[in-house]
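> my questions are about this predicted structure, shown below with the sequence.
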Amino acid sequence: MAVKIRRTYKGAATSAVIDSAGVTSATQTSVGLNTSPADWPSGKFFVVAAPGTSQEEKMCVTISGSVLTVVDPAVSSVSASVNGRGVDDTTARSTISAGAVVYPVFTAIDANEANELTSTYANQGGIVFQGASTFTQLAIGTAGQVLKVNSGATAPEWGAVPLADNSVTSAKIAVLTNTTPKTADFTLASADRNTNILCDKSTEIIVTVPLNSSVSLPVGYQVSFVQIGAGQVTFSGASGVTINSDSSKNKIATRYSAASLIQTSANVWVLFGHLAA
């Protein structure tokens, strides 16, 4: 079983009695009382009628004034069926006499549903969710996984989050804050992507942007540069590479200034920052 709709409870609720109409059918879904109890639950709850007699029956009901309406204990809507009659191992009675005592009760159904939920929490770190008809536990995932919806959009699951370049990994996250020193001329490499390169040379340092056919750098590749040394940083594209910039400037303007490169399409780049011709 699994809880479909919450039921309500009230401590020390007083008893009432069935009115003169009584219960005359095992499928009857409306039962009148001789009074309107002010201290009964306000939502869906269980009652026992004629306790300790041959007519004893438990029902799931709601109350409005002095009228009980039988409801299904497993769904939210009021039903014309008899799913709320004869619950908790009792029998739907065709006759319950006028004047029979009625009062709210806590049933084995309530206890079993609570126990079902508690027992489903079987393992440390597990997550319990509502399955198709029962509570289900999802065991804890592994390090680095995130909680997401499965492919059928019916349940949670642990896994990696797919991105354009496959998935989130610790190595990729680390690269975002990576700082690399360079002290000589160099050609951009795959490992330089999303890094900050500190150019530290006393004389000019040349950064060469390679053709994609020689070094596979994807569109969207980005890298930043800071001129740490006195030597000016100059950007040069290999044959077939286009570097677009403000007024075709291709150098970092001054020491401690910065610039960035982004590949906008295959072998076409944009250079921007504090630049000089």
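Received, thanks.
> hey, where'd the helices end up in the protein?
108-120, 170-175 (DSSP state H).
> and those helices, which one is worst for confidence?
Ranked by mean pLDDT, the helices of the chain bottom out at helix 170-175, with a mean of 55.
> quick one, what contacts residue 94?
23-26 (CB atoms under 8 Å, 6 or more residues apart in numbering). For the C-beta atoms, the positions are set from N, CA and C on the backbone; glycine is no exception.
> so how do I select the buried members of those residues in PyMOL?
A single PyMOL command selects the buried members of those (16 or more other CB atoms under 10 Å):
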select buried, resi 23
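> let me have the contacts of residue 94 in a markdown table, extended by distance to residue 200 and pLDDT.
Shown next, in a markdown table, are the contacts of residue 94 (distance: CB to CB, whole Å; pLDDT from 0 to 100):
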| residue | distance to residue 200 | pLDDT |
| --- | --- | --- |
| 23 | 93 | 97 |
| 24 | 97 | 97 |
| 25 | 93 | 96 |
| 26 | 91 | 94 |
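> so where's this protein uncertain?
1-4, 76-82, 162-177 (pLDDT under 70).
> walk me through the domains of the protein.
1-120, 123-159, 170-276 (automatic domain parsing).
> and residue 134, how far is that from residue 122?
13 Å (CB to CB, to the nearest Å).
> cool, residue 143 as well?
21 Å.
> what about those two, which has more around it?
residue 122 (10 against 5; other CB atoms under 10 Å).
> for that one, which non-adjacent residue is closest in space?
residue 137 (5.9 Å; CB to CB, 6 or more residues apart in numbering).
> hmm, that neighbour is touching residue 127, no?
Yes - the criterion here is CB atoms under 8 Å, and residue 137 meets it with residue 127 at 7.0 Å.
> enumerate the positions of stretch 63-76 that are buried.
63, 68-74.
> then that stretch to CSV, C-alphas only?
Extracted as CSV, the C-alpha positions of stretch 63-76 are listed here (Å, rounded to 0.1, in the frame of the first residue of the first chain):
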residue,chain,number,x,y,z
ILE,A,63,-18.3,14.9,8.0
SER,A,64,-20.5,17.9,7.2
GLY,A,65,-22.8,19.0,10.1
SER,A,66,-24.4,15.8,11.3
VAL,A,67,-23.9,13.8,8.1
LEU,A,68,-21.1,11.3,7.4
THR,A,69,-20.2,10.7,3.8
VAL,A,70,-18.3,7.5,3.0
VAL,A,71,-15.1,8.1,1.0
ASP,A,72,-12.4,5.9,-0.5
PRO,A,73,-9.4,5.9,2.0
ALA,A,74,-6.9,5.6,-0.9
VAL,A,75,-8.0,8.5,-3.2
SER,A,76,-8.9,12.1,-2.8
